[in-house]
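Visitor: with the sequence up front, the predicted model follows.
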Amino acid sequence: MPKRRRFFVSRYAPERGTLARLTARDSVVRRLDWPILLSALALSLIGSLLVWSATRGRTELNNGDPYYFLFRHLLNTGIGVVLMIGTVWLGHRTLRGAVPFLYGLSIVLILAVLTPLGATINGAHAWIVVGGGFSLQPSEFVKITIILVMAMLLASKVDAGDQIHPDHGTVAKSLVLAALPMGIVMLMPDLGSVMVMIVIVLGVLLASGASNRWVLGLIGSGIAGAVLVTTLGMLDEYQINRFAAFANPDLDPSGVGYNTNQARIAIGGGGLRGAGLFNGHQTSGQFVPEQQTDFVFTVAGEELGFIGSGFILLLLGIVLWRACRIARETTELYGTIVAAGIIAWFAFQSFENIGMNLGIMPVAGLPLPFVSYGGSSMFAVWVAIGLLQSIRVQRPMTA
């Protein structure tokens, strides 16, 4: 084998029933899922333009530098890609052995949010401020941890050939481990992240082959929990107002319903082709709050129109389609569960974000994957892409 090719050859031996070794023609680069990689990269680059358009005139945010958020978003994307490469290099199987450590680290980080290190942003006490303007939202990484810890438990006996499906005891243990960080995140309170985590748990259980009674029980518990949380007054006033505005958009157009109403005006004003990048009246007039993060889709709707917004949806669809293919083609349950958890995460969070921009879902403070500004979110989704790529790269070869 030529020396220059060694870096690209997988470090993992194929599983039983496959070819004895990887060849140079079947290198890591060739085995990558390029459609999902290029689609995710395109979303991040489009997001950088949308974030730039939304912030270049916001002097109170960019300190007089119109390129501040553009460069930060590109930097976050670059760091995310590096994290993806590192994840592929380590491999999801190596990370499987590190799951206990990663789980413990996640618990420590989200507990740190409840200490004086924590900071409140947009009503949620969910960030750790390190210094120099750098902040970290640990709940974004908890999504990955929940996927990995549940996959490790649910697949352990099945991949070893001892069981066909996870037994009830294993499912119960996995749910307890998932519930602990979710409970802490709920105390922040970060309801949006908890919603995503619940969907992730459902997706993981469905992919694992666990009894449907667990899935139905979890759904019932979720409904009962929502009623209990509301009854006990555990939600902050701003969260209650968001649901009230969703239930009745005309309740307070200049108050609790302002964000959603302005978002729909911006998207509706874009028409088929949009007003053109940097030419949106709602965007340049700064009528839509948090437009670089939660409501970045309104910039696409107003300035790129239905065609540009549809292209973003197409790219998200490609990411989900290729992720489903990766989940289907892997021969190990662990890889299938990890991919399924990521699919559930991306699908629900994208639907919720775009839905709240359109007024068909309540405002939950969730970013649009790859597109919205935010370092923690960007790093987490690119690590998830790295996990998907690792599952594809390390799958057994066929003769």
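Guide: Everything's here; your move. Numbering: from 1, shown residues only.

Visitor: ok, then the element right after the lowest-mean-pLDDT helix or strand in the chain?
Guide: Least confident helix or strand of the chain, by mean pLDDT, DSSP states H and E, is helix 237-247 with a mean of 62. Next helix or strand after helix 237-247 toward the C-terminus (DSSP states H and E): helix 258-269.

Visitor: which is the next helix or strand following that following helix?
Guide: Helix 258-269 is succeeded, C-terminally, by helix 281-284 (DSSP H and E).

Visitor: which parts of that following helix are buried?
Guide: Using 16 or more other Cβ atoms under 10 Å as the test for burial, helix 281-284 gives 282-284. The C-beta positions use only the backbone N, C-alpha and C, and glycine is treated the same way.

Visitor: got these as TSV, with pLDDT and distance to Val158 columns?
Guide: As requested, the buried residues of helix 281-284 are exported to TSV (pLDDT from 0 to 100; distance: Cβ to Cβ, whole Å):
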residue	pLDDT	distance to Val158
Gln282	88	51
Thr283	85	50
Ser284	84	55
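
Visitor: just checking, Leu180 touches Ile107?
Guide: Yes. The pair Leu180 / Ile107 is scored as a contact, 6.9 Å apart, by Cβ atoms under 8 Å.

Visitor: could I have the CA atoms of the top strand by length along the chain written out in CSV?
Guide: Longest strand in the chain by number of residues, with DSSP state E as the criterion: strand 124-131. Provided in CSV are the C-alpha atoms of strand 124-131 (Å, rounded to 0.1, in the frame of the first residue of the first chain):
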residue,chain,number,x,y,z
ALA,A,124,-33.6,30.5,30.3
HIS,A,125,-30.9,30.0,32.9
ALA,A,126,-29.1,27.5,30.6
TRP,A,127,-25.7,28.9,29.9
ILE,A,128,-22.2,28.9,31.4
VAL,A,129,-20.3,32.1,30.9
VAL,A,130,-16.6,31.3,30.7
GLY,A,131,-15.2,34.8,30.0
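
Visitor: which residues in this protein form strands?
Guide: With strands called from DSSP E, the chain shows them at 118-121, 124-131, 134-136.

Visitor: quick one: Ser221 and Gly183, what's the gap?
Guide: Distance, Ser221 to Gly183, by Cβ to Cβ, to the nearest Å: 13 Å.

Visitor: common neighbours of the two, please.
Guide: The contact sets of Ser221 and Gly183 do not overlap (Cβ atoms under 8 Å, 6 or more residues apart in numbering).

Visitor: closest one to Leu37 out of the buried residues of helix 281-284, please.
Guide: Taking Cβ to Cβ as the measure, Leu37 lies nearest Thr283 of the buried residues of helix 281-284, at 29.6 Å.

Visitor: which non-adjacent residue is nearest that closest one?
Guide: Distance criterion Cβ to Cβ, 6 or more residues apart in numbering; nearest residue to Thr283, sequence neighbours excluded, is Val299 at 5.4 Å.

Visitor: burial of the one you found, as a residue count?
Guide: Burial of Val299 is recorded as 33 neighbouring residues (other Cβ atoms under 10 Å).

Visitor: touching, it and Gly280? I think so.
Guide: Yes. Assessed by Cβ under 8 Å, Val299 is found in contact with Gly280 at 6.6 Å.

Visitor: which residues are in contact with each of these two?
Guide: 53, 266.

Visitor: all helices of the stretch 1-150 of the chain, in order?
Guide: 28-31, 34-55, 59-62, 68-90, 92-97, 99-113, 138-159 (DSSP state H, counting those that start in this stretch).

Visitor: mean neighbour count, the ones you listed: which tops it?
Guide: Greatest average neighbour count among the helices of the stretch 1-150 of the chain goes to helix 138-159 (a mean of 24), per mean count of other Cβ atoms under 10 Å.

Visitor: just checking, what packs against it?
Guide: With contacts defined as 3 or more Cβ pairs under 8 Å, 6 or more residues apart in numbering; DSSP states H and E, helix 138-159 has these neighbours: helix 92-97, helix 99-113, strand 124-131, helix 168-186, helix 191-208, helix 333-358, helix 375-393.

Visitor: what about the stretch 251-399 of the chain, any weak spots by pLDDT?
Guide: For the stretch 251-399 of the chain, residues meeting the criterion pLDDT under 70 lie at 251-256, 395-399.

Visitor: just give the closest residue to Leu102, not the sequence neighbours.
Guide: Per Cβ to Cβ, 6+ apart, closest to Leu102 is Thr145, 5.5 Å.

Visitor: so the one you found touches Pro181, yeah?
Guide: Yes. Shown here, Thr145 and Pro181 form a contact pair, counting by Cβ under 8 Å, at 6.9 Å.

Visitor: got any residues that touch both of the two?
Guide: Common contacts of Thr145 and Pro181 (Cβ under 8 Å, 6+ apart): Ser106.

Visitor: can you count the residues close to Gly64?
Guide: Neighbour count for Gly64, taken as other Cβ under 10 Å: 7.

Visitor: quick one, phi psi at it?
Guide: phi 80, psi 0 (degrees, to the nearest 10).

Visitor: closest to Gly365 out of the strands of the chain?
Guide: It's strand 124-131; of the strands of the chain, that one is closest to Gly365 (Cβ to Cβ) at 6.3 Å.

Visitor: describe which strands the closest one pairs with in its sheet and in which direction.
Guide: Here strand 124-131 is paired, per DSSP bridges, with strand 118-121 (antiparallel), strand 134-136 (antiparallel).
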